[in-house]
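Participant: Would you be able to build a 3D model of this:
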Amino acid sequence: MESSMMKGAHIIATGSALPKKCISNYDLSKVVDTSDEWIYTRTGIKERRLISEDQCIIDLAYQASQKALDNAKINPQTLDLIVLATSSQNDLFGSASQLQAKIGATNAVAFDITAACSGFIIGLITANQFIQTGSYKKILIVGADILSQWVDWSDRNTCILFGDGAGAVILQASKTNFILGFQLDTNGLEANKLCISYQQESVQSYHNNTLGIKQGQYSYIKMNGKEVYKFAVSKVPESIKKCLIQLQLSIDDISWLILHQANQRILDTIAEKLCIPSDKVISNLQCYGNTSAASIPIVLDEANQKGYLKNNDIIIIAGFGAGLTWGTLIIKWYT
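Facilitator: Numbering: from 1, shown residues only. Coordinates of the predicted model:
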């Protein structure tokens with residue numbers, strides 16, 4: 001364990017992975033009543049990536065993790081902890097242990113965090129707390145989702161939104177803390193606005209009257225788009241402002257705003273409410289759609305690889321989604 005002097009943390013590397021299969025708005029118009037214009041004007045999405053039949057979520061998570069490890073030039077056996085943020089794991093008991101095995105991180109503890117589109121933010125904050133206490137010093141945080149497997153492809157209100165992908169960062173202990181502050185919130189009373197619910201009564205339900213057992217299955221993604229929009233554009237700016245006030249920072253101090261890639265209208269409205277110019281808002285929604293827990297680390301990796309992020313840049317990162325959950329993390333970039 002490092003000395004008490006080593007209780008700061010910073011991101012030392014990023015990585016991301018996307019499926020090869022690209023589905024355009026035009027492709028979707030062949031299977032559901034929609035069009036490229038209808039989708040793009042309402043969401044800002046042009047295309048999305050979907051996982052192939054011979055892939056699983058661990059394949060994407062592994063690719064993103066390996067890129068982050070390669071970029072950091074570290075051996076996976078030096079990792080202390082792996083946090084996998086996902087709501088579409090291939091094992092209901094969790095998939096982080098499968099990722100641990102695949103990358104060969106034999107010394108790392110591994111667990112899942114299920115918080116949908118807020119998952120990566122919560123995962124990164126959780127990892128930072130372990131470093132703050134001195135428990136761990138090198139942590140892999142992965143956001144990965146394949147919500148294409150949970151979409152009703154006859155529902156044009158939801159199937160147009162989602163894509164598959166994975167992103168990863170490595171957080172390491174340091175003497176200076178570059179994780180400046182965070183704000184997390186939950187409103188479980190509105191959980192039904194965006195959910196994948198378990199239903200006992202279904203066509204495929206199994207019933208055993210003697211034992212009183214009723215078994216069902218999970219439904220497809222259900223979303224009240226108008227309510228989710230109102231939630232995001234009201235709560236996310238509030239969360240960001242609270243975090244800035246706590247840190248005694250102003251909007252002028254901010255170098256970049258990275259939001260969960262849900263809908264371009266949401267991104268534009270949040271930036272407008274915060275008076276953040278559009279050239280400080282990083283978005284790749286047009287190419288990938290909503291990749292849930294993967295969206296923020298994918299954006300972060302692309303911005304990093306393109307050289308947008310400079311040492312000492314102050315970055316607001318905010319996630320929001322099912323739960324309903326939302327959160328803000330403010331970091332100073334240093335690699």
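Participant: Quick one: the helices in this structure, in order.
Facilitator: Using DSSP state H, the helices found in the chain span residues 25-28, 36-43, 57-72, 96-103, 119-132, 156-159, 225-247, 264-274, 285-288, 295-305.
Participant: Give the residue spans of the stretch 1-150 of the chain that score low on pLDDT.
Facilitator: For the stretch 1-150 of the chain, the stretches with pLDDT under 70 are 1-6.
Participant: May I have the residues that are in contact with Phe320?
Facilitator: With contact set as CB atoms under 8 Å, 6 or more residues apart in numbering, Phe320 has these partners: 117-118, 231-232, 235-236, 259-260, 262, 326-327. From N, CA and C alone the C-beta is placed, and that goes for glycine too.
Participant: Mind checking the helices of the chain for the one nearest to Trp150?
Facilitator: Nearest to Trp150 among these is helix 156-159 (9.5 Å), distances taken as CB to CB.
Participant: still on that earlier bit, is it possible to get TSV of the helices of the chain that adds distance to Ala322 and mean neighbour count?
Facilitator: Below are those laid out as TSV (distance: least, CB to CB, whole Å; neighbours: other CB atoms under 10 Å):
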stretch	distance to Ala322	mean neighbour count
helix 25-28	22	17
helix 36-43	17	16
helix 57-72	17	23
helix 96-103	20	21
helix 119-132	9	24
helix 156-159	12	18
helix 225-247	9	17
helix 264-274	15	18
helix 285-288	18	21
helix 295-305	13	24
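Participant: Take the ones you listed and lay them out in TSV including distance to Ser197.
Facilitator: Shown next, in TSV, are these (distance: least, CB to CB, whole Å):
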stretch	distance to Ser197
helix 25-28	24
helix 36-43	24
helix 57-72	21
helix 96-103	24
helix 119-132	18
helix 156-159	14
helix 225-247	16
helix 264-274	23
helix 285-288	26
helix 295-305	23
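Participant: looking at the ones you listed, which is closest to Gly212?
Facilitator: With respect to Gly212, and counting by CB to CB, the nearest of these is helix 96-103 at 33.1 Å.
Participant: Return the distance of the closest residue to Gly8 other than its chain neighbours relative to Asn128.
Facilitator: Computed as CB to CB, 6 or more residues apart in numbering, the closest residue to Gly8 that is not its neighbour in sequence is Asn177, at 3.3 Å. Distance, Asn177 to Asn128, by CB to CB, to the nearest Å: 9 Å.
Participant: Mutual contacts of the two, please.
Facilitator: Common neighbours of Asn177 and Asn128, counting by CB under 8 Å, 6+ apart, are Ala9.
Participant: Got the domain ranges for the chain?
Facilitator: Annotated domains of the chain cover 8-177, 180-189+221-332 [automatic domain parsing].
Participant: Asn209: which of those is closest?
Facilitator: Closest to Asn209 of these is domain 8-177 (CB to CB; 25.4 Å).
Participant: ok, now which ones touch Ser255?
Facilitator: By CB under 8 Å, 6+ apart, the contact set of Ser255 is 280, 310, 313-315, 333.
Participant: Same check on Thr14?
Facilitator: Counting by CB under 8 Å, 6+ apart, Thr14 makes contact with 67-68, 71, 167-170, 297, 300-301, 304-305.
Participant: Extract the C-alpha trace of stretch 178-198 and format it as CSV.
Facilitator: Extracted C-alpha coordinates of stretch 178-198, given in CSV (Å, rounded to 0.1, in the frame of the first residue of the first chain):
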residue,chain,number,x,y,z
PHE,A,178,-6.9,15.6,-10.1
ILE,A,179,-10.4,14.3,-9.3
LEU,A,180,-11.6,17.7,-8.0
GLY,A,181,-15.2,16.9,-6.9
PHE,A,182,-18.4,15.2,-7.6
GLN,A,183,-22.2,15.4,-7.2
LEU,A,184,-24.6,12.4,-7.3
ASP,A,185,-28.4,12.2,-7.2
THR,A,186,-31.2,9.7,-7.5
ASN,A,187,-35.0,9.9,-7.9
GLY,A,188,-36.4,6.4,-7.6
LEU,A,189,-40.0,7.8,-7.8
GLU,A,190,-39.5,8.4,-11.5
ALA,A,191,-37.8,5.0,-12.2
ASN,A,192,-40.5,3.9,-14.6
LYS,A,193,-39.7,6.7,-17.0
LEU,A,194,-36.8,4.7,-18.4
CYS,A,195,-36.5,1.0,-17.5
ILE,A,196,-36.2,-2.6,-18.6
SER,A,197,-38.7,-4.2,-16.2
TYR,A,198,-39.0,-7.8,-15.1
